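Peer 1: Here is the input, now give the coordinates:
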Amino acid sequence: MGSLRNRLGELEQAARLNNVEIQGVPEKNDENLLHIVEKIGTYVGHSINSSTIDYAHRVQINKSSGKNTIKNIVVRFTSRGERDRFLMAVRNKRKNIKTPRMSLDGVSGEFFVNEHLTLNNKILYKEARIAAKNKGYKYVWVRNGIVFCRKTDTSGIFVLKNSDSVGRM
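Peer 2: Model (predicted):
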C-alpha cells in the first residue's frame, strides 16, 4: 500500500512540473494574474508573454497554519523549459538581492516564487529544513519536485523521499 501511495504522490508531483507557485501577493478586485506574472518576470529579468503561460489562478491555502490568509498564485507554463528559465531568473535575482524575500511596487511588499509542490512534498521540504538546521546541514533544496540536501560543499547529495529519510540525514 505504501508503494502505491508513493507512486500516486510521484504522479501528482509530475503533473505540476510546468508550474510555479507565487506566495505573498495580496488579492485585489479585478486583478489580472497574467499582468502580475509579467511584472514579476520583468523584475527578475525574464520576459514573459501570454504565449508562454498556459494558465494562472489562485489556490486555497492551508487555513490551519493560521499565518497567511493570502491565496497563492499557481502559474502553469507551456513548457518545463520555460518554467525552468523563469525559476533560474528568480534564483539569480535572489542571489543579487541576497535574500529570498523579494519586493515589487504595485505587486507585493514581500513575495516568494517556488516550484509548485504537492502538500506531502511541502511538508517533507519543511521537515528537511528543520532537520538540516538542527544537524548542521548547509544546503536543502528542491529541484523538479524532489527534495535534496548536502551537509557541506564537498559532501555527497542525499535525496529525501519521505519522513523516514529525513530521520536518516
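Peer 1: lowest-confidence helix or strand of the chain?
Peer 2: strand 102-104 (a mean of 80; mean pLDDT, DSSP states H and E).
Peer 1: for that one, packing partners?
Peer 2: helix 33-44, helix 80-97, strand 108-115 (3 or more Cβ pairs under 8 Å, 6 or more residues apart in numbering; DSSP states H and E). (C-beta placed from N, C-alpha, C; glycine too.)
Peer 1: Compare those and give me the one nearest Ala15.
Peer 2: Judged by Cβ to Cβ, the one of the helices and strands packed on strand 102-104 that comes nearest to Ala15 is helix 80-97, at 11.9 Å.
Peer 1: Give me the mean pLDDT for the closest one.
Peer 2: Mean pLDDT, computed over helix 80-97, is 92.
Peer 1: so what does it touch, helix or strand wise?
Peer 2: Against helix 80-97 (3+ Cβ pairs under 8 Å, 6+ apart) you get strand 19-23, helix 33-44, strand 102-104, strand 108-115.
Peer 1: Okay, and the beta partners of the residue positioned nearest the centre of the chain?
Peer 2: Central residue of the chain (Cα atoms, centre = their mean): Asn114, 2.1 Å from the mean position. Residues in a beta bridge with Asn114, per DSSP bridges, are Glu21.
Peer 1: thinking it is in contact with Glu21, fair?
Peer 2: Yes. At 5.6 Å, Asn114 counts as touching Glu21 under the criterion of Cβ atoms under 8 Å.
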